[in-house]
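Q: next come a sequence and a model predicted from it.
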Amino acid sequence: MRLTTEIWVSALLRRVFSGGGFAAIERRGSAEAGTVFVVVRDRQGQISLYEPAPQSSYEDGKPQDRHFCRSERVIDAESAARRIDSEIRFDSDVWVLELEPGSEPVESLITMAGA
């Protein structure tokens, strides 16, 4: 059984804070099954966007975990905002999280597709 988005987000935020990082919910979507986008800002202010991995990256039809891939199209805060706004126009249930990971790299906090 897959966790609801609200519980999954809560657990991720706790992991980030416990590692000395910062996390904020910029946009709250559907509590049960909203799509999650993760904006990561490093200590130099560089932005990375992690978006949901395509369904083809899952081995079975009902995945237990959420998989992400780093968006190669996003190189700054403006392009990240445009990408997220585009998704929100398509699906209003989108969650947007912003993280500044502490001691753990983002790749250890979220499951990367193909990992």
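A: Received, thanks.

Q: before we move on, what SS does the closest residue to Arg27 other than its chain neighbours have?
A: Taking C-beta to C-beta, 6 or more residues apart in numbering, and ignoring the residues beside it in sequence, Arg27 has Val96 as its nearest neighbour in space, at 4.0 Å. All C-beta spots, glycine's among them, are computed from the backbone N, C-alpha and C. Judged by DSSP: H, G, I helix; E, B strand; the rest coil, the three-state class of Val96 is strand.

Q: what's the local residue count around Val96?
A: Neighbours of Val96 under the rule other C-beta atoms under 10 Å: 23.

Q: repeat that for the one 10 residues further on.
A: By the other C-beta under 10 Å criterion, the neighbourhood of Val106 contains 19 residues.

Q: got the phi and psi for the residue most central in space within the chain?
A: Centroid check for the chain by C-alpha atoms, centre = their mean gives Val38 as the closest residue, at 2.8 Å. Backbone torsions of Val38, given as degrees, to the nearest 10, read phi -120, psi 120.

Q: how about the contacts made by it?
A: Under the criterion of C-beta atoms under 8 Å, 6 or more residues apart in numbering, the contact list for Val38 reads Leu49, Tyr50, Glu51, Phe68, Leu97, Glu98, Leu99, Val106, Ile110.

Q: which one of those is nearest Glu6?
A: Proximity of these to Glu6 (C-beta to C-beta) peaks at Leu97, which lies at 12.0 Å.

Q: so that closest one bridges to which residues?
A: Legend: beta-bridge partners of Leu97 under DSSP bridges are Ile25, Val38.
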